[in-house]
Every structure is written in structure tokens, then in C-alpha cells.
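*Asks:* sequence and predicted structure are below.
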Amino acid sequence: MPDALSLSNVHVYHGEICAVRGLELTCAEGAVTALLGRNGAGKTTTLSAIAGLLGTRQGRIDLFGAPLEGRGPEAICRAGIGLVPQGRRIFPSLTVLEHLQIAYRAPRHAATRVFDIAGVEALFPRLRERRRQLAGSMSGGEQQMLAIARALATNPRVLLLDEPAEGLAPQIVAEVADAISALKAAGLSILLVEHNLPLALRLADTCVVLSSGEVAWRGAPDTLANDPDLMAHHLGVH
């Protein structure tokens with residue numbers, strides 16, 4: 001059984017600057033892998049490369065054993081990659097329901113759980129209550145829920161989450177964490193980028209720490225949590 005997601009010797013550039021070099025990364029099926037590191041370590045660049053928003057100059061990216069590199073974002077989405085970008089990137093003039101209707105795709109792959117619009121709204125009841133509301137008039141937490149729901153409506157096999165707790169009140173962070181836990185329990189594979197270290201360590205099965213575009217450490221979240229020198233050096237946590 002192949003890993004849900006596998007990156008081998010991946011190099012990604014911004015212009016002539018190598019932002020990610022020689023990246024080796026695997027995400028097990030039905031597990032949460034936390035991708036951690038300081039600002040500029042290459043985390044968002046990695047997610048963008050997986051989603052096809054940035055090209056790779058070298059290396060291989062596989063989704064359940066099938067290559068993704070060289071394919072466009074739409075084809076990668078159809079193959080089963082869902083991206084929740086940093087900053088949400090919702091459309092202020094569209095309603096909640098319009099976001100979900102535009103995003104919805106029936107799965108063309110062996111999805112562990114199929115999400116229709118009703119299923120997405122069941123995961124986030126606030127969105128059902130606000131389905132006719134313009135997204136631009138919603139709170140930041142509600143917009144984040146919508147960004148996750150929109151990605152789920154594409155029926156991904158692997159969900160990429162870029163800073164889902166950024167700027168959210170503690171109560172909303174807890175709701176988002178519960179949703180991520182429920183998705184993991186349903187068998188969805190998740191690659192999580194998150195600066196909220198306690199949240200990431202609580203949700204993750206495996207942690208990968210990036211430093212200057214390279215893997216500096218990988219292992220169990222408990223091991224990382226109990227190594228203050230490692231956290232201070234690579235994550236700036238004291």
C-alpha cells in the first residue's frame with residue numbers, strides 16, 4: 001500500500017532562489033502529518049508545489065503512487081488534492097452556498113468519505129445557518145470554516161491545510177481542531193502547516209521540521225514536545 005502522499009528529492013524555486021531543496025516527505029493514509037518550521041522555512045512553498053501552484057525543477061511528487069509533478073492545479077485537484085490556503089482567499093461577494101456549489105466535485109477516485117454540500121454543512125453547522133450570507137460579511141473564524149469546507153467539497157483524498165488556526169479566537173480554534181480530528185477519524189489524509197505548536201502537536205501523528213528548505217528533523221510529536229533544545233533551535237520556542 002503506497003503512502004497517501006510522497007515527495008522524493010523535491011526542489012522548488014522562487015525565481016533563481018531555491019526555497020525547497022531535496023525534500024523527502026511522506027504522509028500516511030488516514031494520518032495527520034504536521035509540517036513545522038520558522039517563517040521562510042519552505043512550508044507554504046511545499047504545499048504550493050504539491051497543489052501545482054509552483055512548479056518543481058527536480059524530484060517526484062506522488063499521490064497514492066501516481067505522479068503529480070507537471071500537472072496543472074485543476075488536474076491535481078481532480079486527482080484528489082484539496083488545498084486550504086493561508087489567508088483563506090474566499091470571495092467576499094459570493095454567499096457561503098455559492099462557494100460550495102462552485103467547488104463541489106463528485107469524486108473520481110476512491111474517496112474514503114464522500115462530501116456533498118449537506119455533508120460539509122454537517123461538519124460546520126455555522127455554515128448551514130449562514131448559507132445565504134455573503135462571505136465577506138462573516139467573521140474570520142467563519143471564513144476559515146468556509147475555506148476548509150470549500151476544499152472538502154472537491155472531495156480530496158489528501159487535504160493540505162496552511163495555517164488553519166491563524167488569527168482565530170481560542171473557541172474557533174477548538175472548533176477547527178475538532179473538525180480536523182473528525183476528518184482524520186473518517187480516514188482523510190492531512191498535511192498540516194501550523195504555527196500554533198500545541199495544536200499541531202495535539203493533532204499530528206508525525207512531525208516534519210523544515211529549516212531553510214530542508215528537513216531538519218522528523219519523528220513523533222511527543223518526542224518533539226519533550227526536546228526543548230530542538231524546539232528552540234528550529235521553531236524558536238523556548
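*Replies:* Nice, thanks for sending it over. Residues are numbered from 1 along each chain as shown.
*Asks:* which secondary structure elements does the helix-or-strand element of the chain with minimal mean pLDDT contact?
*Replies:* Ranked by mean pLDDT, DSSP states H and E, the weakest helix or strand in the chain is helix 228-235, scoring a mean of 84. Packing contacts for helix 228-235, counted by 3 or more Cβ pairs under 8 Å, 6 or more residues apart in numbering; DSSP states H and E, involve strand 206-211, strand 214-219, helix 221-225. (C-beta placed from N, C-alpha, C; glycine too.)
*Asks:* deepest in the core, which of those is it.
*Replies:* strand 206-211 (a mean of 22; mean count of other Cβ atoms under 10 Å).
*Asks:* tell me the strands beside that one, with direction?
*Replies:* Each strand paired with strand 206-211, and its direction, by DSSP bridges: strand 32-36 (parallel), strand 214-219 (antiparallel).
*Asks:* those: which one's closest to residue 195?
*Replies:* Smallest distance to residue 195 across those (Cβ to Cβ): 8.3 Å, for strand 32-36.
*Asks:* what does the helix ranked longest in the chain rub up against?
*Replies:* In the chain, taking DSSP state H as the definition, the longest helix is helix 170-185. By Cβ atoms under 8 Å, 6 or more residues apart in numbering, the residues outside helix 170-185 that reach it are 30-32, 113, 123-124, 139-141, 144-145, 148, 152, 159, 161, 164-165, 168, 190, 192, 196, 199, 202-203.
*Asks:* can you turn the buried part of the residues you listed into a PyMOL selection?
*Replies:* Selection of buried members from the contacts of helix 170-185 for PyMOL, criterion 16 or more other Cβ atoms under 10 Å:
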select buried, resi 30+31+32+123+124+141+144+145+148+152+159+161+164+165+168+190+192+196+199+203
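*Asks:* report the secondary structure state of the closest residue to residue 222 other than its chain neighbours.
*Replies:* Among residues not flanking residue 222 along the chain, residue 201 sits closest, at 7.9 Å (Cβ to Cβ, 6 or more residues apart in numbering). Assigned with DSSP: H, G, I helix; E, B strand; the rest coil, residue 201 falls in the helix class.
*Asks:* residue 201 - how many residues pack around it?
*Replies:* Residue 201 has 18 neighbouring residues, counting by other Cβ atoms under 10 Å.
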